[in-house]
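**Student:** Provided below are the primary sequence and the corresponding predicted coordinates.
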Amino acid sequence: MPPRIMFRYSVDGGKTWSSEIWINQGVVGEYDTVVGLDRLGDGYDWVMEVSTSEPITHAWGDASVDIEASIE
């Protein structure tokens, strides 16, 4: 099984949390792996948590959040 990333988030400042979302992150040597999530919903005070399944050193080259607002 390839190493995985666990992601969960809170939309209320950490009072409540989503379920864990596990994503394959690619195997050692795959340096161009891109991991992404979309359609997480809306909230006021976002907090995000990320951890990994493997006890290895990770180098995060880039991390970003792309926020798209919808006005109704």
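**Tutor:** Nice, I can see it. None of these values were measured; they are calculated from a predicted model.

**Student:** Any stretches of this structure with poor pLDDT?
**Tutor:** The model of the chain has pLDDT under 70 over residues 59-72.

**Student:** Which stretches in it count as helices?
**Tutor:** Taking DSSP state H as the criterion, the chain carries no helices.

**Student:** And the strands in it, which stretches?
**Tutor:** Listed in chain order, the strands of the chain (DSSP state E) span 4-10, 21-24, 47-52.

**Student:** What residues of the last one count as buried?
**Tutor:** This means strand 47-52. Under the neighbour-count criterion of 16 or more other Cβ atoms under 10 Å, strand 47-52 has nothing buried. Heads up, the C-betas are built off the backbone N, CA and C, glycines and all.

**Student:** Tell me the helices and strands packed up against it.
**Tutor:** Judged by 3 or more Cβ pairs under 8 Å, 6 or more residues apart in numbering; DSSP states H and E, strand 47-52 is in contact with strand 4-10.

**Student:** Quick one: work out the angle between the strand it packs on and strand 47-52.
**Tutor:** 170 degrees (axes from the mean of the first three to the mean of the last three Cα atoms, to 10 degrees).

**Student:** Can you give me the buried ones in strand 4-10?
**Tutor:** Within strand 4-10, judged by 16+ other Cβ under 10 Å, the buried ones are R4, I5, F7, Y9, S10.

**Student:** Quick check: the gap between the second one and D38.
**Tutor:** When Cβ to Cβ, to the nearest Å is the yardstick, I5 and D38 sit 15 Å from each other.
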